[in-house]
Each structure stands twice: as C-alpha cells, then as structure tokens.
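# what follows is a predicted structure for the sequence shown.
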Amino acid sequence: MSLAEHAPPSYLDDGVTLRSWLLTHDHKRIAILYAVSITFFFFLGGVAAALMRLELATPAGDVMSAETYNKTFTFHGVVMVWFFLIPSIPNTLGNFLLPLMIGARDVAFPRLNLFSWYLYMAGGLFTIACLLLGGVDTGWTFYTPFSTMFSNSHVVLTVVGVFIVGFSSILTGLNFIVTIHTMRTEGMTWFRLPLFVWSMYGVSLVMMLATPVLAMTLALIAAERLFGVGIFDPALGGDPLLFQHFFWFYSHPAVYIMVLPSMGVVSELITASVRRRIFGYRFMVYSIIGIAVVGFLVWGHHMFVAGQSMYAGIVFSILSFIIAVPSAVKVFNWTATLYKGDIAFGAPMIYALGFVGLFMVGGLTGLFLAAIALDVNLTDTYFVVAHFHYIMVGGAVMAYLGGIHFWWPKITGRLYSEAWARFAAILMFLGFNLTFFPQFLAGAAGMPRRYHEYPAEFGLLNVLSSAGAVLLASAYLLPIGYFLWSLRHGEKAGPDPWGAKGLEWETDSPPPTHNFTRPPPVDEDGPYAYTPP
C-alpha cells in the first residue's frame, strides 16, 4: 500500500451530512461553523454601515429619518462588536489552531466548545429578531437613563441577545485556558509556546474576568426597565453614572479581546514571512500579559466628560498613557524582526503590515484622547469614530483576514490566487484610509457623531468617506470569491506551503480528525526554529 492509503482521513471527510457538522465535537469543524456564522453577521453589519454612509454622503438627512438612522447605527455597532470583532479570531482561528499549535488532539472540553457555538447562534437570533421587530435606538453602549426610561424600542430583546453571546465568550475562554494548561505536548514549556497561543491565553483571561461584569450590567438594565428596580434611575435612588463604570469596565478590556488575538496573528505572519525568530520573544510575552492586566485599569478615560472627579480623571489619563507602552514594545519588536530581513511580500504579509500601520495610527490618536484637555474637545466627535475604527476594524479585520490567508492552505488543503489576494489586501488598506482618515479631520473641526445630517462645510470629507466605503466593501467581497474558487480549482497545498515553523505545519493539510498520528515532541528551539542567514 502507498503512504496515502495509510494516511487517516481529513477532518473534512469525517462525515459529510449536515447532522455530522451540527453535532461535531471536532474543534476544527466548530471553527468552520463559527467562521460561516461570523461572516454572515459581518456582512449583516456591513449592510447597516453602507446605509449609514449612503445617508452621510449628503449633508441633508434625505435617505432615512433620524429615528431610523439611530436604529441603523445601533444595529451596526451591536452586530459588529459582539457578533464579529470580539469572537472573530478567538472562535475561528483560535479554535482551529490552538490544539494544533500545542500538539493536542482537541480542546479540553469538546462538548462545551460546541455548546458555546449554539449559545452564539442563540444570541444572534435574538439580535436578528430585534431587527425584524423594529430595531433598537440606544446606540451599542445602551447608555442610561435613555435605555432604561425613555427608549420605546426593543432594548430588552437586544440586551438578551448580547447577554447570551457573553456566555459563549466565557465558555470559550475557559476551554482555552484549561487546554493550554493541561494538554501541551512533550517539551512544550510556557516559554516555547507560539505567540499566537500566548495571545489566546491572555484574551481568555480577559474574557473570563470581564464578561461576567457585562452580563451583570445588561441584566440590571433589563431589571430596571421591566420591574422598575432603582439601580440607575436617580428618582429611585440609583446612579446613571454607575452604568458607565460597569459598562466600560468590561468594554475597554473588550478592546483587547479584539486586539490581542490580532497581535498574536501578526507575530506569526511576520516571523514566517521573514523566516527568522521573532525579536525579543520574552518581551513579547510580557507585553501580552501587561496589556491584559493594565487593560482593566483604564475604563475611566471614556468618562472624562461624565462628571467623575478631577483626581480620578488624572489617574485614568496616566494609566491610559502607560498602556501604550506594551503596545509600543510589540511594534518595536515587529520592526526589529523585519530589519534587514529577506521579506516575502505575500498576501498574509501585506495584511500584517497593513495591521501595523493602521494600529499605529489608531494608537497614536488614542494618546490624544487620553489627554483630558484634548478629550474634552474631541469626545463625541468623528475623531473618536475614526480612532475606534483604526484600532478595531482596521487592526482586527486586517489581522483576521491575514490569518485566514496564511492558514487557508492548512484549513482547506488548497491554495488561493496570490495575485487576487494581494490586490484585495492593498485595496483594503487604501479603502480603509480613504474611509476613516477624513473623519479625523471632520472630528477635529467639530463634527459630532451619531447625527444623520450635518453642516454643509463637512460635505467633502463625508463624500470622501463614502467613496472609501465603496472600495472597502469591494475589498471585503473579493476574498469570498477567490476562496470559494480555490476550494474546487486551487492547487493542493501540501503540509507546509510557506516553509513555516510550528506544530500545525507538521501534520497534513487539511489535518486528520485527531490532528496527529502521534503527539509531536518539541525541542529547545521552540516554535520559531528558523536557521539564521
């Protein structure tokens, strides 16, 4: 018999019925379920964004009413934050790769892994039901007292959807932490873990510790709205600012739930494209832990104009500057890894460099918002919108797509069109900057966010943003086309088409159901055992 006849079947061939997918316990198949679901929600949120940019292409509110616009940007924010950005990398690439990277057969709790996907889908169905019933108009932050006392839209239904998806995040984080602690292969010590695994560990800690606070806060909104319990209503002895403290205590660490996995992906893409060890591995690990810890201490910089004490504002401002340090360490180490390297500018590397560029712009403009005097003038303007999107969308989406391109041969066993992939990556970078950089200028000039009409002097900047959104949408659609094409017509990839290091490249593409025929040992060279030039 040939070796091919002895090879175990891939995870894609282990049952082809719908039932075999919906009841699977294989972490790789669950990752595919997440990827399909997340892509659906991404394009649902993208349609809302397109409607907003269509409205904002002209100063007059001539496409939709103010109420409809409020519901549109709320739906866009809720779907993009909780149903795409937060679960995108951990639940797809994390689920698929983490056991492979540590030499495990699966995650620690396979059934719990599948259950977390069903929770995610249940939360999504509540959110879609809210849209079909008329939507919600509070903004994705659900600020009180509007969300508890005045809004006539479907606040409770939306809150329930986000509440449910929060438990999906908690279970995923628990699964990853236990898997990393207990299922590493022989020789896989803590400081031989790939940086992507470290990023999954850091983000899992944040999900486990921060998400229960969000769940509690959303439950309190529902309790006050349904039963009149005095928690945030001053007339009943409550405090509306208490909601902001609770909400941002979760939602600022949530920024790092989105960004930490992206940093892990980019570390893997850069070291593979340069074919050298990552510069300052231990400092990269410490910076991941530093970001995860300090991220819990800076929530108050969202509240500089909310009436908190001057001394609290100063403390939060200082801490907001401090958290820039571990992020800067990462950018420095990536740059040092690239220095005098023989760089392969494939599509994954273009996405990685795009992430670094957009993340730097987002990070530097974050320092503007960390300074109290500047934040007082810039808060609730389009400057904040642009900053947020440079970090979250420009950073997280570029890294997510870079990771999908890098590990697509491992996931499917097929290669895509490199020319089309490079074109899409460059178009995305250009389209993103054309969409959001004008918003820095509009915000600095005083254009407020969350309005469907605006003074005519901001018209040119908004036309540029809407034109950029067309390019960005095209760049998002292109990968769908050439990825689907590759499934049937792409060349077979082989186990390691990039010449990369790491345990995931030592098994077949696509991997067998249980990943490895025997657990691979790890030597002292660790995951980045590239030969120095």
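Arrived safely, thanks for sending. Numbering: from 1, shown residues only.
# can you give me the neighbour number for the residue nearest to D14 when sequence neighbours are not counted?
In this structure, D14 finds its nearest non-sequential neighbour in T513, 4.8 Å apart by Cβ to Cβ, 6 or more residues apart in numbering. For the C-beta atoms, the positions are set from N, CA and C on the backbone; glycine is no exception. Neighbour count for T513, taken as other Cβ atoms under 10 Å: 19.
# please name the residues that touch T513.
8-11, 14, 26 (Cβ atoms under 8 Å, 6 or more residues apart in numbering).
# how about these in CSV, adding secondary structure and pLDDT?
Below are these laid out as CSV (DSSP: H, G, I helix; E, B strand; the rest coil; pLDDT from 0 to 100):
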residue, secondary structure, pLDDT
P8, coil, 78
P9, coil, 85
S10, strand, 89
Y11, helix, 93
D14, coil, 85
D26, coil, 95
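# out of those, which is most surrounded?
Ranked by neighbour count (other Cβ under 10 Å), the contacts of T513 have D26 at the top, with 26 neighbours.
# wait, it sits on Y11?
Yes. If you go by Cβ atoms under 8 Å, D26 and Y11 touch, sitting 5.5 Å apart.
# before we move on, the earlier item: now the residue nearest to D14: phi and psi?
The phi and psi values for T513, taken as degrees, to the nearest 10, are phi -60, psi -40.
# K492 now?
Main-chain dihedrals, K492, degrees, to the nearest 10: phi -70, psi 140.
# repeat for T381
The phi/psi pair for T381 (degrees, to the nearest 10) is phi -110, psi 180.
# and what of P512?
Note on P512: backbone dihedrals following degrees, to the nearest 10 are phi -70, psi 170.
# any idea how far G103 is from it?
Note on P512: its distance to G103, by Cβ to Cβ, to the nearest Å, is 14 Å.
# so between those two, which is more surrounded?
G103 (23 against 18).
# pull out the buried residues from stretch 351-369.
For stretch 351-369, a neighbour-count test (16 or more other Cβ atoms under 10 Å) marks 351-359, 361-363, 365-366, 368-369 as buried.
# so Y69 sits against G61, correct?
Yes. Using Cβ under 8 Å, Y69 is in contact with G61, at 7.1 Å.
# quick check: neighbours shared by those two?
55, 452.
# looking at those two, which one has more neighbours?
Counted by other Cβ under 10 Å, Y69 and G61 do not tie: Y69 has more neighbours, with 21 against 16.
# tell me who's in contact with the more buried one.
Per Cβ under 8 Å, 6+ apart, neighbours of Y69: 52, 55, 61, 452.
# neighbour-wise, which of those leads?
For these, the largest number of neighbours (other Cβ under 10 Å) sits with E55, at 22 neighbours.
# which residues are in contact with that residue?
By Cβ under 8 Å, 6+ apart, E55 lies in contact with 61-64, 69, 72, 452.
# pLDDT below threshold where in the stretch 301-450 of the chain?
By pLDDT under 70, the stretch 301-450 of the chain has no low-scoring segment.
# any idea of the mean pLDDT in the helix or strand harbouring R29?
Here R29 sits within helix 27-56, counting by DSSP states H and E. Helix 27-56 shows an average pLDDT of 96 in the prediction.
# the closest residue to F109 other than its chain neighbours and S88, how far apart?
Closest residue in space to F109, ignoring its immediate chain neighbours: N175 at 5.2 Å, by Cβ to Cβ, 6+ apart. Per Cβ to Cβ, N175 is found 17 Å from S88.
# P99 now?
Taken as Cβ to Cβ, the span from P99 to S88 is 19 Å.
# on that earlier part again, state the pair within the contacts of Y69 that is farthest apart.
Pairwise distances across those (Cβ to Cβ) peak at 11.6 Å, for the pair M52 and G61.
# residues contacting V305?
Contacts of V305 by Cβ under 8 Å, 6+ apart are 375-376, 379-380.
# apply 7 Å and report the result again.
376, 379 (Cβ atoms under 7 Å, 6 or more residues apart in numbering).
# what strand or helix carries the closest residue to E55 other than its chain neighbours?
Spatial nearest neighbour of E55, chain neighbours left out: V63 (4.3 Å); criterion: Cβ to Cβ, 6+ apart. Using DSSP H and E, V63 falls within no helix or strand.
# give me the neighbour count for V63.
When counting by other Cβ under 10 Å, one arrives at 16 neighbours for V63.
# going forward can the numbers begin at 746, since that is how I track them
Sure thing, new numbering starts at 746, so read that last one as V808.
# looking at this, I976 is in a strand?
No. I976 is assigned coil when assessed by DSSP: H, G, I helix; E, B strand; the rest coil, not a strand.
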